[in-house]
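Visitor: Sequence and predicted structure below; questions after.
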Amino acid sequence: MGLEHATVGSLVLLALMIAPVLYYIHRARRGDQLYVRRIRAVDAIDEAVGRAAELGRPMSYTTSITGVGPLLYACLGILYHIGSKAALYRNKLLSPQSDPQVMAITEDVLRDAYRDQGRLSSFEPRNIQYLSDEQFAFAAGYMGLIQREQVASAFLFGSFAAESLILAEAGQQIGAMQVAGSVNIEQTAFFVCTCDYTLIGEELFAASSYLTNEPVQRGSLYGQDRAKLLIFCMIIMGVAIATYNSWATHSGSRILPTIESLVMG
Amino acid sequence: MNYRSRLLRLFTFLGGIYFFLEFVLPESFSLAWLGAPDTNITFGKFTPQISNGFITVGAMAIGLGLYNLLSIHGAKVAFRRKGWINSVALLVGLAAMMIVTSRDWAGSRQVASDTEQLVMLRNFTQAIAADEESKAPVPPVITRNAALLSALEKTVSEVRERVTSQLSTLAQDGLSPDTPQHRVLATANAELQVALTSVAQLQVALAADPASTSRHVELATALSQAAVAYRQILSTAYEQSLTKKVYNFFFIGIFSSLGTAMFSLLGFYIASAAYRAFRVRSTESALMIIAALIVMLGQIPFGMWIWEGFPELRLWILNTPSAGARRAIEIGAAVAGLVMAFRMWLSIESESFSEPKK
């Protein structure tokens, strides 16, 4: 079920969801303080980076089979932060890749992170290694890489499929501190069991806002919450309408239009 | 903001505006209300070409991955760095797979192009019949028919010769009559001979009556059947060739088997992860263990033997509380993804990695 073309209702809903985002980005850029609560898993990212620096062992960051898109963009925000810390502490950051396009973008982001810390000479492009675009070949390569390098901290953010447990378990076997985040519900369960900290669903999108404390991201996060509030209100209304309609059908009263019919047309 | 940044933002916006308009605008609309000529505009008709453009750009990135592999592992081997033996294995495997896959691709293309001749003759026959009916301004049917018959004679003899040669090669290689491939070949060959016999008869009929549209239609049908049978024979014969067998050994024998082996690790890893994770350390973990236990017992006959209500309880857990939580996560992630996509389209980027720091 989906919309091939927009209806008036869906356009109105889209506008109502995007408007708060633009409004709060404007407010954040103006200098207004927008409160967002901390998430333990996001704080653990800094903790994991520090741990790797103290142990003198490398870190790894992977987006697995994530392709170019909004999710990758969110993951790159976290990568930039981790890359900045790696540059600052002069710690090795490995980034195994499964998509050549993502690899090129990742290299660019990390180079910017090192440059912004004034450590461009420490940047090693060969730490960003293409393994394979085949799911299990990538998993095998990742396992071998982190076990040979004995990484102290592993970050797994993005879109994962069946290889998620293999990647996370490989880190567990070498005692790495692992922080993971995925929008795939099924894989989140595996991460919860195997990783030290897990970001669930949209927390992955929010993580870069927490880490960078930038007005655009903070305002965007605030606006997203307002959009979710709108959806919550729609759900309540939808339940109430459905309940009333089931009563009205039996009693012969007028039936109200459902939220679905208003939005989908 | 410098001009490069502005140019990037402009291209990003233009790239996204097409898809946004395709979603927002109706499938087909008219601009007559603006005073323009009354023609229907289908906005989405360029989507396949644009999608092909994306695939083309993505295909260029394959070279990046290959270059990265060669540079990293090549340097490891050249400078004898730690683990260089593994790099040798990778490079040898990469080269072998590229050669084998290229040969297989060439072989498959050859099969397709060998069948092409019959398909082209069929298309030509159909065109003659269609043009004759519609009285299109084309060269006279006698001339076209003569060219068709001449090409047919040459192609049919080539096809017969090729099929005879393939079948005798396969017989020499020891293809047993009991194998399914032999049966497929025998059936396809029989169909091909019937089709070619029809073609021969129709050639004679068309030589006598070149303008007969019905004969042309019958000939096109016979050529279609011949092309299908011929392709079946060539494909089946190619499957028995050394090139294909080597490819199958590499792909099915090695690559797919290794992937399956990696996938099977999941079974062991699930057990080890569950052993670590399912400890009663808090209320939440106790709830998780109880729910996991009920779901697992509800799925196996042993659970039903203990209590027959387990399957129903399992379905309730999956369809009610679990589904609610799942949908909540999906809604949150979808909203976040939508907002991120808009920010990317409108280039409302964070300054972290869009502008150089001063």
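Guide: Good, I have the coordinates.

Visitor: And for the residue most central in space within chain A, nearest residue in space, chain neighbours not counted?
Guide: Most central in chain A under C-alpha atoms, centre = their mean is A:L204, positioned 2.8 Å from the mean C-alpha point. Nearest residue to A:L204 in three dimensions, chain neighbours excluded: A:G181, at 3.8 Å (C-beta to C-beta, 6 or more residues apart in numbering or on different chains). Bear in mind the C-beta positions are built from the backbone N, C-alpha and C, glycine included.

Visitor: And that neighbour, how far from chain B?
Guide: 11 Å (C-beta to the nearest C-beta, to the nearest Å).

Visitor: Write down the beta-bridge partners of that residue, one by one.
Guide: Here A:G181 sits in beta bridges with A:F157, A:L199, going by DSSP bridges.

Visitor: so who does it touch?
Guide: For A:G181, the contacting residues are A:A41, A:L156, A:F157, A:G158, A:F191, A:T198, A:L199, A:I200, A:E203, A:L204, A:A207, by C-beta atoms under 8 Å, 6 or more residues apart in numbering or on different chains.

Visitor: B:E22 belongs to a helix?
Guide: Yes - under DSSP: H, G, I helix; E, B strand; the rest coil, B:E22 sits within a helix.

Visitor: thought it was touching B:I50?
Guide: No - between B:E22 and B:I50 there is no contact under C-beta atoms under 8 Å: 9.4 Å.

Visitor: Looking at these two now, which is surrounded by more residues?
Guide: For B:E22 versus B:I50, neighbours defined as other C-beta atoms under 10 Å in any protein chain shown are more numerous around B:E22 (19 against 14).

Visitor: any idea of the mean pLDDT for the longest helix seen in chain B?
Guide: Longest helix in chain B by number of residues (criterion: DSSP state H): helix B:84-134. Across helix B:84-134, pLDDT averages out at 92.

Visitor: for that helix, packing partners?
Guide: Judged by 3 or more C-beta pairs under 8 Å, 6 or more residues apart in numbering or on different chains; DSSP states H and E, the packing partners of helix B:84-134 are helix B:62-78, helix B:141-172, helix B:213-239, helix B:242-248.

Visitor: where does A:Y130 fall, phi/psi-wise?
Guide: Per-residue torsions, A:Y130: phi -80, psi 130 (degrees, to the nearest 10).

Visitor: what number of residues lie near it?
Guide: Close neighbours of A:Y130, defined as other C-beta under 10 Å, add up to 23.

Visitor: Tell me the pLDDT of it.
Guide: Looking at A:Y130, its pLDDT is 94.

Visitor: next one: B:G16
Guide: 87.

Visitor: And for the one 3 residues further on?
Guide: The confidence metric pLDDT takes the value 85 at B:F19.

Visitor: In terms of helices and strands, where is it?
Guide: For B:F19, the host element (DSSP states H and E) is helix B:3-24.

Visitor: residues from the stretch 151-265 of chain A in reach of chain B?
Guide: A:162-163, A:165-166, A:168-169, A:172, A:183, A:185, A:188, A:190, A:192-194, A:200-202, A:204-206, A:208, A:212, A:214, A:216-217, A:220, A:223-224, A:227-228, A:231 (C-beta under 8 Å from any C-beta of the partner chain).

Visitor: Which members of those occur in helices, if any?
Guide: Per DSSP H, those map to helices at A:163, A:165-166, A:168-169, A:172, A:185, A:188, A:190, A:192-194, A:204-206, A:208, A:212, A:216-217, A:220, A:223-224, A:227-228, A:231.

Visitor: any idea how the chain splits into domains?
Guide: Picked chain A for this. A:8-33+A:218-264, A:40-213 (automatic domain parsing).

Visitor: please go with chain B instead
Guide: B:3-84, B:95-240.

Visitor: Straight-line length of the longest one, end to end?
Guide: The separation between the terminal residues of domain B:95-240, taken as C-alpha to C-alpha, to the nearest Å, is 24 Å.

Visitor: Find out how far that domain is from the centre of the chain, if you would.
Guide: Distance of domain B:95-240 from its chain centroid, counting by C-alpha atoms, centre = their mean, to the nearest Å, is 26 Å.

Visitor: do the same with the shortest one
Guide: A distance of 19 Å separates the centroid of the chain from that of domain B:3-84, by C-alpha atoms, centre = their mean.

Visitor: So what's the residue count around B:L8?
Guide: 13.
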